[in-house]
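>>> With the input below, show me the fold.
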Amino acid sequence: MSLYNKPGMSPLIILSLFIPLVGTTLGSAMVFFLKKEINIKLQKILLGFASGVMIAASIWSLMQPAIESYTDFRAYLIPAVGFIAGVGFMLLLDYLVPHIHKNNEEEGIKQNKLSKTFKMLLAVTLHNIPEGLAVGVIIASAMTGNVSEQAMLALAIGMAIQNFPEGAIVSMPLKEEGLSKGRAFLYGFISGVVEPIAAGIALVITYFVSAILPFVLAFAAGVMIYVVVEELIPEANEGHHSNLATIGLAIGFVLMMVLDIALG
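So this is what the prediction gives:
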């Protein structure tokens, strides 16, 4: 029997796999409409906004369902282990995968012949893996009846909203590096394709091995919080106007919280 024919699969679930990619695609398309890189103040607001969305999603969409899966000591043990495992997974990826950030800081294995553009693309791709994992896990939770389809849709929409500024923040610097608008858009789009791929992998594994669902929920929360603390917030706080990032974070956090609770 195919996965689509199994109980719990619906067109809304299929759609939720690709909603976040729509946000990245639309954001990357800004390269065709903006002449210069996004204003630094706006960048800080958008980075803070993305951080707020991811923090709120980690709490209400991922950690809370993981904790509520048990009524004994496992309610804190399994989520704690899963969260730490998620952070450790991202530490390992950061160490192994060569990538470069906007400030030209290189991380990962240094001995390689990859271009600067490709390393920038890898950096963004690393950001998108946790979001894809989170979406895939929450879809599997909806398919098995552990969370509502509304909660699943809230997370997918939240990821799409925060992917829009991320897509623009990715494609615009690539254009500044000398790429054509078309290639900058294409690379921005490709960086988002990893999300439905990661979501699909997480969905299949979690759906067929449902016993590990609480662990994987917490794991996804760990990888998302790692990205926020390691990448988004430090970049948002560089230089002046860091208070704008704080305002953006508050707005993103509240918006995702309202989405999750209202639709959950």
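>>> Let me see the contact set for the closest residue to residue 130 other than its chain neighbours.
Of all residues not flanking residue 130 in the chain, residue 223 sits nearest, at 3.7 Å (CB to CB, 6 or more residues apart in numbering). (Each C-beta comes from the backbone N, C-alpha and C, glycine too.) Residues near residue 223 by CB atoms under 8 Å, 6 or more residues apart in numbering: 86-87, 89-90, 129-130, 133-134.
>>> From the contact counts, what lies against the helix or strand containing residue 205?
Assigned by DSSP states H and E, residue 205 falls within helix 181-208. Where contact means 3 or more CB pairs under 8 Å, 6 or more residues apart in numbering; DSSP states H and E, helix 181-208 is packed against helix 11-28, helix 116-143, helix 149-176, helix 213-227.
>>> Show me what the third one is packed against.
Right, the one you point to is helix 149-176. Helix 149-176 packs on helix 11-28, helix 40-56, helix 116-143, helix 181-208, helix 242-263, going by 3+ CB pairs under 8 Å, 6+ apart.
>>> between the first one and helix 40-56, how big is the angle?
Computed by axes from the mean of the first three to the mean of the last three CA atoms, to 10 degrees, the angle separating helix 11-28 from helix 40-56 equals 160 degrees.
>>> Distance from helix 11-28 to the middle of the chain?
12 Å (CA atoms, centre = their mean, to the nearest Å).
>>> State the mean pLDDT of it.
The predicted model assigns helix 11-28 a mean pLDDT of 89.
>>> what's the answer for the second one, then?
Averaged across helix 40-56, the pLDDT comes to 88.
>>> Can you list the buried residues in that helix?
43-56 (16 or more other CB atoms under 10 Å).
>>> Please name every helix or strand in contact with the helix or strand that that helix is followed by.
Sequence-wise, the next helix or strand downstream of helix 40-56 (DSSP H and E) is helix 64-67. Counting contacts by 3+ CB pairs under 8 Å, 6+ apart, helix 64-67 is packed against helix 74-96, helix 213-227.
>>> quick revisit: reformat the helices and strands packed on helix 181-208 as JSON lines; add distance to residue 253.
Converted to JSON lines, the helices and strands packed on helix 181-208 look like this (distance: least, CB to CB, whole Å):
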{"stretch": "helix 11-28", "distance to residue 253": "18"}
{"stretch": "helix 116-143", "distance to residue 253": "16"}
{"stretch": "helix 149-176", "distance to residue 253": "11"}
{"stretch": "helix 213-227", "distance to residue 253": "13"}
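>>> Tell me where this protein is predicted with low confidence.
1-9, 37, 98-117, 119-120, 264 (pLDDT under 70).
>>> Geometric centre of it: which residue is closest?
Centroid-nearest residue in the chain: residue 131, 2.5 Å away (criterion: CA atoms, centre = their mean).
>>> Contact partners for the closest residue to that residue other than its chain neighbours?
Excluding the flanking residues, the one nearest residue 131 by CB to CB, 6+ apart is residue 159, at 5.1 Å. Applying CB under 8 Å, 6+ apart, we find residue 159 in contact with 19-20, 23, 53, 57, 131, 134-135, 195.
>>> The residue nearest to residue 130 and residue 247, how far apart?
26 Å (CB to CB, to the nearest Å).
>>> Residue 150 now?
28 Å.
>>> ok, now residue 181?
In terms of CB to CB, residue 181 sits 31 Å off from residue 247.
>>> who touches the residue nearest to the centre of the chain in this structure?
20, 54, 159, 163, 195, 198, 224.
>>> how near is the nearest residue to the fourth one once chain neighbours are set aside to residue 128?
Beyond its immediate neighbours in the sequence, the residue positioned closest to residue 163 (CB to CB, 6+ apart) is residue 23, lying 3.4 Å away. When CB to CB is applied, the distance between residue 23 and residue 128 equals 11 Å.
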